[in-house]
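Student: Kindly return the folded structure for what I paste below:
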Amino acid sequence: MGAGKDYRVLRDLLVEREDETATMSAGITSARERAGACVVVVGAAGIGKTRLLDEARWMAADADMRVLSARGAHLERGYAFGLVRQLFEGALRRADAAERERWLSGAAAVAGRLLAGADGEQQSEMSLLHSLFWLTANVCQEGPVLLVVDDLHWADEPSLRFLAYLQQRLYDMPLFIAAATRPSDPSAAMDLLDFVLTHPECRILQPKPLSPQAVGVVLTEILGESPKPTLLSACHAAAAGNPLLVKEVARALASERDDSAIEVDDVRLRDIGTKAVSRRVSIELRRLSPTARRVAEAVAVLGGHADPRHVAAVTALDWAQADRALNELGSAHILRGAGGEEAVAEFVHPLVRSAVYEQMDPSERIRCHLAAATLLTREGHRAEETASHLLCVPNLPGEHARMLRRAGTEALANGAPEAAHAYLVHALTAEITLAERLETLKDAIGVGALVDVEAGLDHLAVALRLIDDPVQVAEFVALVGLAKLLVGRAEEMTEELIAIIADLPEDCDDLRRGLEAILLDVPLVVVGFDSISQRVEMLRQLPASRTINAALLECMIAGHECYAGDARGLDRARKALAHPQMLEAATRGASASVPGYIALMLGDLREGMNAYGELVTEARRQGSMVALGLALTYRGMGWLRMGELAEAESDLREVIELHRITSMGVALPLARGLLAEVLLEKGQIDEASEVITQVSLPTSLLQDGMFFPCLHIQARILAAQGRYEAALEAAVETGKRFAVHNGGNPALVAWR
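Tutor: Residues are numbered from 1 along each chain as shown. Alright, predicted model coming up:
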């Protein structure tokens, strides 16, 4: 056999991918015609996903399109909006002042602050998604854009939500989204990824393994001549047609052979195929200089797009030494883009990076991560960038816990509570003082309640074991609100709240009112706690107070009066909702405000609809998805009562669509029930019946949850279907259910 060709020529080789290439070309054309398109390449590692994305890049470059690229990395999955930052930060940095001003104008300004890492008011995820959409739209105003995202299975959740949000608005944008993902990965956010993949406008490409003929083409390129049939067959079987593994098997053979013909050993080839990447990396690294090996390990630790200057710093090499090592790794086809201070060092494939990382000595891995964290801190990088390395360090030194708390604050401000929670949990593993531990627990409780109720309650339990001051205890318990109710621990919660309220000193009136508001919410949602409603009379007698906690308590009292049909609830709700901080509190998720809004709408429909209109507007502005979901649900109820069926259907369907991006909690079943009623009013009985079946209605009166509106809607649907006995049974069940919540107001549920 003759001498083999340089392995790097294969980046230009694309075999048996004509259909996929045509789809990419069609996406480019669509974007140029202002008809947005989305294509996701789905396949196993090594099947050629990245190569197809490269093809799309070259097509876009030929068409003079702007290309924005990002690549997921396992290390950065917890870094909020990490992929989004990759997409836009470089473009903004390279843009001139006039371009940046145009791109970040209007609603895109919030995205500018996120990408600049500027401190500012905490933003909800929805407001950031909205702003990032407008940044994308502004960039697209200047010409068609290709947005490339590789390794989507390692994307952080906020970035995935951005892609999902962007997909909904693609139809008239000069934008082509080309992405790639593995079909399943245990670390992937599968719900969000499935949402992206199942969007009606998303075209899925699933490249097939190479045929024996295509494998022959690859072998010829590497080995320099056509392989014998026996070798071709053995290589195809060993690599199962996977392009990357075919190349690695061929490369391994080329490196081992002498001038004589290769003896085909099926067992040996199969072993090479299954271990091709790690084996090749191990062999290549042994051939390289010790300095190159150190540099490869540093790049593996620093992530998918390492700054060469950081590589030099982590390895304690001077720039000339590091640059020579980077070029050496590039020549060995371990890295690409290596060499030069302005370059970005990255591995030729994630599997290569994984092989280098996994072969590192564990103590050296930890040392490199700590060195990287120290370097990024010294250079003033975002706390989250530093934290991504600290998460990889067990038994964290105490001085790094403060950085993790900062990262948690940063992530929360950027609308990424999941990442914030991960940072705080790791900070709690460090050796820190009691005061620092309590402050960290306080943060973790609040964030945990947003992403994992059980985890938030676990943090609370730890904190309560560390304190005995009744005021501190009350402040910590107030952080979780109704969390215990949501996980079936209502009895424990009510006993705890009653005891804590009783233990509070007299001068803690405002804290007491806040806890009473939480307590009064229980009988409106959970059965068997009607005795708590007896506290309402006592709480009515409290002297007037202008605090937001006092106003929230008044909302809860108004809610109880509304359930009972007490006319005093309307005026009480009006006064409480007029509090200057109420709109902000409601938007930020204060559940005690909800009964006040309901009472106002039931007492004065138009006034209530105006209030809900303001709440919807503010929730959209702040991007509070949960508050928006609740506001749209109850405004949908109002539209329904006004006979405005189109508006009602629009609001309620938006809630259901929002649930695909983030959990809508208690709003979802009610929104579905009300949508079923809208469809019933439109005469679409079968469609209404199908929607109501999506609500898990109780099989027992003892089940917790505010089910009576949906039970009432089910009764109406059954009656419309002529199933009168079943309808009567459902109506009576509605009345029983309403009664166990101390309800009797037909304005809320006219079950009779």
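Student: Could you pull out the strands in the stretch 251-400 of the chain for me?
Tutor: Assigned by DSSP state E, counting those that start in this stretch, the stretch 251-400 of the chain shows strands spanning 335-336, 346-347.
Student: Could you dump the ones you listed into TSV and include distance to residue 421?
Tutor: (Each C-beta comes from the backbone N, C-alpha and C, glycine too.) Converted to TSV, the strands of the stretch 251-400 of the chain look like this (distance: least, Cβ to Cβ, whole Å):
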stretch	distance to residue 421
strand 335-336	34
strand 346-347	29
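Student: weakest of the ones you listed by average pLDDT?
Tutor: The minimum mean pLDDT among these belongs to strand 335-336 (a mean of 82).
Student: strands paired with that one, and their directions?
Tutor: strand 346-347 (antiparallel) (DSSP bridges).
Student: quick check, distance from the strand it pairs with to the centre of its chain.
Tutor: 26 Å (Cα atoms, centre = their mean, to the nearest Å).
Student: what does that strand rub up against?
Tutor: For strand 346-347, contacts defined as Cβ atoms under 8 Å, 6 or more residues apart in numbering pick out 71, 299-300, 304-306, 334-337, 353, 356.
Student: ranking those residues by neighbours, who comes first?
Tutor: Counting neighbours by other Cβ atoms under 10 Å, residue 299 leads these with 31 neighbours.
Student: Am I right that that one is in contact with residue 310?
Tutor: No. Here residue 299 lies out of contact with residue 310, judged by Cβ atoms under 8 Å, at a distance of 9.3 Å.
Student: I'd like the contacts of strand 346-347 as TSV, with distance to residue 434 appended.
Tutor: Listed next are the contacts of strand 346-347 as TSV, based on distance: Cβ to Cβ, whole Å:
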residue	distance to residue 434
71	42
299	40
300	38
304	39
305	40
306	39
334	48
335	47
336	50
337	48
353	41
356	41
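Student: From those residues, pick the one nearest residue 459.
Tutor: The closest of the contacts of strand 346-347 to residue 459 turns out to be residue 304 (Cβ to Cβ; 32.3 Å).
Student: Check what pLDDT that closest one gets.
Tutor: 67.
Student: So which elements touch the strand or helix carrying residue 686?
Tutor: Per DSSP states H and E, residue 686 falls inside helix 685-692. When contacts are defined as 3 or more Cβ pairs under 8 Å, 6 or more residues apart in numbering; DSSP states H and E, helix 685-692 packs onto helix 667-681, helix 708-720.
Student: Other residues contacting that helix?
Tutor: Here helix 685-692 has contacts from 672-673, 675-677, 679-680, 710, 713-714, 717, 720-721, using Cβ under 8 Å, 6+ apart.
Student: Share the number of residues neighbouring the nearest residue to residue 68 once chain neighbours are set aside, please.
Tutor: Nearest non-adjacent residue to residue 68, counting by Cβ to Cβ, 6 or more residues apart in numbering: residue 87, 4.6 Å away. Other residues within reach of residue 87, judged by other Cβ under 10 Å, total 25.
Student: Residue 474 now?
Tutor: Residue 474: 20 neighbours (other Cβ under 10 Å).
Student: where does residue 179 fall, helix, sheet strand or coil?
Tutor: Secondary structure for residue 179, judged by DSSP: H, G, I helix; E, B strand; the rest coil, is strand.
Student: Please, which helix or strand holds the closest residue to it other than its chain neighbours?
Tutor: Computed as Cβ to Cβ, 6+ apart, the closest residue to residue 179 that is not its neighbour in sequence is residue 149, at 4.2 Å. Taking DSSP H and E as the criterion, residue 149 maps to strand 145-150.
Student: counting contacts, what elements does that strand pack onto?
Tutor: helix 18-32, helix 49-62, strand 66-71, helix 82-94, helix 125-140, strand 175-181.
Student: which residues of the stretch 401-550 of the chain score low on pLDDT?
Tutor: Low-confidence segments of the stretch 401-550 of the chain, defined by pLDDT under 70: 486.
Student: Which stretches in it count as helices?
Tutor: 401-413, 417-427, 434-451, 453-466, 470-480, 483-486, 490-503, 509-525, 535-540, 548-564 (DSSP state H, counting those that start in this stretch).
Student: Residue 294 is nearest to which of these?
Tutor: helix 401-413 (25.5 Å).
Student: And the closest one, what's buried?
Tutor: Residues 401, 403-413 are the ones in helix 401-413 that count as buried (16 or more other Cβ atoms under 10 Å).
Student: Among those, find me the one that's closest to residue 470.
Tutor: Nearest to residue 470 out of the buried residues of helix 401-413 is residue 405 (Cβ to Cβ; 26.3 Å).
Student: The closest one and residue 428 touch, don't they?
Tutor: No. Assessed by Cβ under 8 Å, residue 405 is found out of contact with residue 428, at 10.0 Å.
Student: Common neighbours of these two, please.
Tutor: With Cβ under 8 Å, 6+ apart, residue 405 and residue 428 have common neighbours residue 440.
Student: Tell me the one of the buried residues of helix 401-413 nearest residue 598?
Tutor: Of the buried residues of helix 401-413, the one sitting nearest to residue 598 (Cβ to Cβ) turns out to be residue 412, at 29.3 Å.
Student: Just give me the neighbour total for residue 380.
Tutor: Applying other Cβ under 10 Å, we find 7 residues neighbouring residue 380.
Student: Residue 280 now?
Tutor: By other Cβ under 10 Å, 24 other residues sit near residue 280.
Student: thinking again about what came up before, for the helices and strands packed on strand 145-150, give me CSV that also has mean pLDDT.
Tutor: Shown next, in CSV, are the helices and strands packed on strand 145-150 (pLDDT from 0 to 100):
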stretch, mean pLDDT
helix 18-32, 95
helix 49-62, 93
strand 66-71, 94
helix 82-94, 92
helix 125-140, 88
strand 175-181, 96
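Student: and residue 654, which of those is closest to it?
Tutor: Of all the helices and strands packed on strand 145-150, helix 125-140 comes closest under Cβ to Cβ, at 12.1 Å.
Student: Out of the contacts of strand 346-347, which sit inside helices?
Tutor: Those of those mapping onto helices are 299-300, 353, 356, per DSSP state H.
Student: Show me which of the residues you listed is closest to residue 432.
Tutor: The closest of these, once distances to residue 432 are taken by Cβ to Cβ, is residue 300, at 29.8 Å.
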